[in-house]
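Engineer: Task: produce atomic coordinates for the following.
(one chain, ligands or ions: 1)
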Amino acid sequence: MADAPALEIEHLSHPANPSLLTIQQHVMREQRRFPNATGEFSWLFSGLTLATKMIAARVRRAGLSDILGSAGATNVQGEVQQKLDVFANETLIESLSWKETIGLIASEENDRLTAVHYGSPGAKYAVVFDPLDGSSNIDVNVSVGTIFSILRCPDGCADDPAKWVLQPGREQVAAGYVLYGSSTMLVYTSGNGVHGFTLEPSIGAYLLSHENIKMPARGPYYSVNEAYRDSFPAPYPAYLDALRRGGLGTKYALRYIGSLVADFHRTLLKGGVFLYPPTADAPGGKLRLMYEANPIAFLAEQAGGVATDGARPILDLVPDAVHQRTPFVVGSRDELELFNRMAAN
Ligand code: AFP
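Structural biologist: Numbers count the residues shown, from 1 in each chain. Model prediction:
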């Protein structure tokens, strides 16, 4: 019998196309940094990506379907729930409940923690989220977002859900947001830089579009609801004046959408500073520490930026309640250096 021809191998002549890297592949690649990684984390992440694609689809059709407007109830914050808030919350909980590694869920929309696989030996993570931030903007077609934070079960957490969830932001395993804007983007960090993925709607996949995002060291904008300026404490009014009058070399312009994910996304890409100071109506600040400030602060620090509550780094704050609020200042290195200097005087 004649010798069979040897199988020939042709080597790929070009490197893999990075723009075809999906979020799933990226998360798996990041996990390989940890020798004992099991792939469970990327399975967990798939619950988030599926839910946010469903939310994106619903947001896109918001004007066409009967989903705009109030759902007729208020949430734990006393805010009127929009129908899309309810849909986003239920979709995230439903999608995440399939993931055996999730023990607990905490949502902005729910008064109490939700036990998912709490008590099961495989449950390692808690997921904390704001299902649809900026939802008072939905009816006027302004960008909204989902913000999430993932926390690992620390020693002893099995008997104590508070110990599991009420961890400082520094302990986050991963965090990110999805911005439902002119395109849908997912931006996340697992502690190794900040990476952005754009949803390609024709194939339903988040594809890598912004690798290793770095926040410019200085930017052109400050972002704050200046209608409350009269009740801002020191140093906020003087700080805003300094930016406007060229204290950092250029005269700053103002940009404010009123939707944290959109305002932060601009700050992340263009630089500058976003502020939600204490006000007369909200002396402890308006934004929520665990599912707004912590995940955004983690992203900011990973991108070279800074986040503070006016006195301490956001990520060092030890929460004592899931829905606790905080003043919040986040942005580029130079703007935050000036802010911290003025706050210390
Ligand atoms: P809603 O989800 O109720 O629209 O609140 C959005 C938000 O929590 C945050 O996304 C904004 O940065 C902030 O509130 C805007 O608050 P003001 O309307 O007081 O400026």
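
Engineer: looking at this, G47 is in a helix?
Structural biologist: Yes: using DSSP: H, G, I helix; E, B strand; the rest coil, the secondary structure at G47 is a helix.

Engineer: List the contacts of it.
Structural biologist: By CB atoms under 8 Å, 6 or more residues apart in numbering, the contact list for G47 reads 95-96, 98-99, 102. Heads up, the C-betas are built off the backbone N, CA and C, glycines and all.

Engineer: hmm, 6 Å instead?
Structural biologist: 95-96, 99 (CB atoms under 6 Å, 6 or more residues apart in numbering).

Engineer: Show me the shaky parts of the stretch 1-150 of the chain.
Structural biologist: Scanning the stretch 1-150 of the chain for pLDDT under 70 picks out the ranges 1-2, 4-5, 14-15, 18, 65-82.

Engineer: Could you list the contact residues of it toward the ligand?
Structural biologist: 79, 133-137 (CB under 6 Å from any ligand atom).

Engineer: Now a PyMOL select for only the buried ones of the residues you listed.
Structural biologist: Selection of buried members from those for PyMOL, criterion 16 or more other CB atoms under 10 Å:
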select buried, resi 133+134+135+137
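
Engineer: that older thread, need the contacts of G47 in CSV (columns: secondary structure, distance to A238 and neighbour count).
Structural biologist: Converted to CSV, these look like this (DSSP: H, G, I helix; E, B strand; the rest coil; distance: CB to CB, whole Å; neighbours: other CB atoms under 10 Å):
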residue, secondary structure, distance to A238, neighbour count
S95, helix, 46, 19
L96, helix, 44, 23
K99, coil, 48, 21
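
Engineer: hmm, back to that, just put the residues of the stretch 1-150 of the chain next to the ligand in CSV and tack on secondary structure.
Structural biologist: Shown next, in CSV, are these (three-state DSSP):
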residue, secondary structure
E79, coil
D133, strand
G134, coil
S135, helix
S136, helix
N137, helix
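
Engineer: Of the residues of the stretch 1-150 of the chain next to the ligand, just say which sits nearest to T52.
Structural biologist: For these, the residue nearest T52 by CB to CB is D133; the value is 12.4 Å.

Engineer: Out of the contacts of G47, which is nearest to R218?
Structural biologist: L96 (38.3 Å).

Engineer: and the closest residue to L260 other than its chain neighbours, what is it in contact with?
Structural biologist: Excluding its sequence neighbours, the residue lying closest to L260 (CB to CB, 6 or more residues apart in numbering) is D133, at 5.5 Å. D133 makes contact with 145, 147, 260-261, according to CB under 6 Å, 6+ apart.

Engineer: Tell me the strands beside the helix or strand L275 falls within, with direction?
Structural biologist: Assigned by DSSP states H and E, L275 belongs to strand 273-276. When pairing is defined by DSSP bridges, strand 273-276 lines up against strand 221-223 (parallel), strand 328-331 (antiparallel).

Engineer: List of residues touching it?
Structural biologist: Strand 273-276 has contacts (CB under 6 Å, 6+ apart) with 222-224, 263-264, 267, 285-287, 328-331, 335.

Engineer: try 8 Å
Structural biologist: So strand 273-276 is contacted by 219, 221-225, 236, 240, 243, 260, 263-264, 267, 285-287, 327-332, 335-336, 339 (CB under 8 Å, 6+ apart).

Engineer: Helices of the stretch 1-150 of the chain, residue ranges please.
Structural biologist: For the stretch 1-150 of the chain, the helices defined by DSSP state H, counting those that start in this stretch occupy 23-31, 40-60, 83-96.

Engineer: chain center to the shortest one, what's the gap?
Structural biologist: Relative to the centre of its chain, helix 23-31 is centred 18 Å away, using CA atoms, centre = their mean, to the nearest Å.

Engineer: which strands and helices sit next to it?
Structural biologist: Helix 23-31 is packed against helix 40-60, strand 194-200, strand 205-210, with contacts defined by 3 or more CB pairs under 8 Å, 6 or more residues apart in numbering; DSSP states H and E.

Engineer: And the average pLDDT for the shortest one is what?
Structural biologist: It stands for strand 205-210. Averaging pLDDT along strand 205-210 yields 96.

Engineer: Give me the contacts around it.
Structural biologist: Under the criterion CB under 8 Å, 6+ apart, residues 18-23, 26, 49, 185-187, 195-200 lie in contact with strand 205-210.

Engineer: Let's see the ChimeraX selection covering just the buried ones among those.
Structural biologist: This is the ChimeraX syntax for the buried subset of the contacts of strand 205-210, where burial follows 16+ other CB under 10 Å:
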select :21,22,23,26,49,185,186,187,195,196,197,198,199,200
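
Engineer: So the closest residue to A343 other than its chain neighbours versus R341, what's the distance?
Structural biologist: Spatial nearest neighbour of A343, excluding adjacent residues (CB to CB, 6+ apart): P235 at 5.3 Å. As defined by CB to CB, to the nearest Å, P235 lies at a distance of 9 Å from R341.
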